[in-house]
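all I have is the shape, not the residue letters:
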């Protein structure tokens, strides 16, 4: 779907929605021409020229304006551009986004002209949207300091200090089918044969055969248990004796040993930012719950799940053990 097709689809959905609302209007309000007086009297924020002094005007729609900053913010919100200030009016993304905003403004002005904003459903939706937006802005402001570069660096250093570094080795192997073949490989290597050439000639491991049998670096838990035991018991540069796993017979050589390198800050930065963001939101909500008392009236758990009293059984329902029969019993 092209950008223009997507824009037309969004406009079509909005038009269908408006037609539905108009059709449900019991008074059958006729279409009216939007005027600047009607718009300014509505009290809705989109009709105000608050940003017009700080940004150049991109379009005039009725008695309202759409600024260049409006277009840049919308393009950034849609993910069309990373740096909003780099978006120029001559860019195709700018023109497409401006067209979207014009269509949206036209629909909104007509809704105001029909007094849709005063209907109960519109009031509820506007109130819910305002609540969400204000809450999101509060969260953005509150976590801005919590997710600073210094905070990210501090968490990275702390995690690097606390996280244990696991030993890993780099090894290569030759896999054959029988013990006799493995013994022959071991003999050839002991006589000075080239490990990589032998792997390319006889190894049955197609994934490593043409790279000299190189398995790369792995930890003790990152490979077959039997293979790991032999590999980690073999010294660096040494060749193991033939051994068997479920895949066949192996001869391996340990090429290097090291402590597993730590991930770089750039690699773990997204995870740290996510952690700090969630922690910042939790801290904020904890403070707000103390500031604004909350009492749940609806949606409580059933009383049977909330009770802390142990369940009691009426005495009549308790079974008592029968007396053991005496010696005189038949």
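Okay, I see it. Predicted model, so just to flag it, every value in this text is computed and none were measured.

any idea which helix is longest in this structure?
helix 265-291 (DSSP state H).

packing partners for that one?
helix 120-144, helix 149-162 (3 or more C-beta pairs under 8 Å, 6 or more residues apart in numbering; DSSP states H and E). Yep, even glycine has a C-beta here, placed from its N, CA and C like the rest.

pLDDT score assigned to residue 166?
For residue 166, the pLDDT comes out at 89.

same question, residue 48
71.

and it, how many residues sit next to it?
13 (other C-beta atoms under 10 Å).

residue contacts, residue 61?
Counting by C-beta atoms under 8 Å, 6 or more residues apart in numbering, residue 61 touches 102, 105-106, 109.

can I get those in JSON lines with secondary structure?
JSON lines is the format used below for those (DSSP: H, G, I helix; E, B strand; the rest coil):
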{"residue": "102", "secondary structure": "helix"}
{"residue": "105", "secondary structure": "helix"}
{"residue": "106", "secondary structure": "helix"}
{"residue": "109", "secondary structure": "helix"}
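
returning to that earlier point: format the helices and strands packed on helix 265-291 as TSV; extra columns: distance to residue 229 and mean pLDDT.
Listed next are these as TSV, based on distance: least, C-beta to C-beta, whole Å; pLDDT from 0 to 100:
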stretch	distance to residue 229	mean pLDDT
helix 120-144	47	92
helix 149-162	29	89
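
now the longest helix of the chain against helix 120-144, angle please.
If you take axes from the mean of the first three to the mean of the last three C-alpha atoms, to 10 degrees, helix 265-291 sits at 120 degrees to helix 120-144.

so what's the closest residue to residue 72 other than its chain neighbours up against?
Nearest non-adjacent residue to residue 72, counting by C-beta to C-beta, 6 or more residues apart in numbering: residue 84, 3.8 Å away. Contacts for residue 84 (C-beta under 8 Å, 6+ apart) come out as 72-73, 75-76.

those in helices, which ones?
Per DSSP H, the subset of the contacts of residue 84 in helices is 72-73, 75-76.

by neighbours, which of these wins?
In the ones in helices among the contacts of residue 84, the most neighbours by other C-beta under 10 Å go to residue 72, 24 neighbours.

hmm, it is touching residue 87, no?
Yes: using C-beta atoms under 8 Å, residue 72 makes contact with residue 87 at a distance of 5.1 Å.

okay, and the common contacts of the two?
Common contact partners of residue 72 and residue 87 (C-beta under 8 Å, 6+ apart): 81, 94.

can you pull out the low-pLDDT segments for the chain?
1-43, 49-54, 301, 303-330 (pLDDT under 70).
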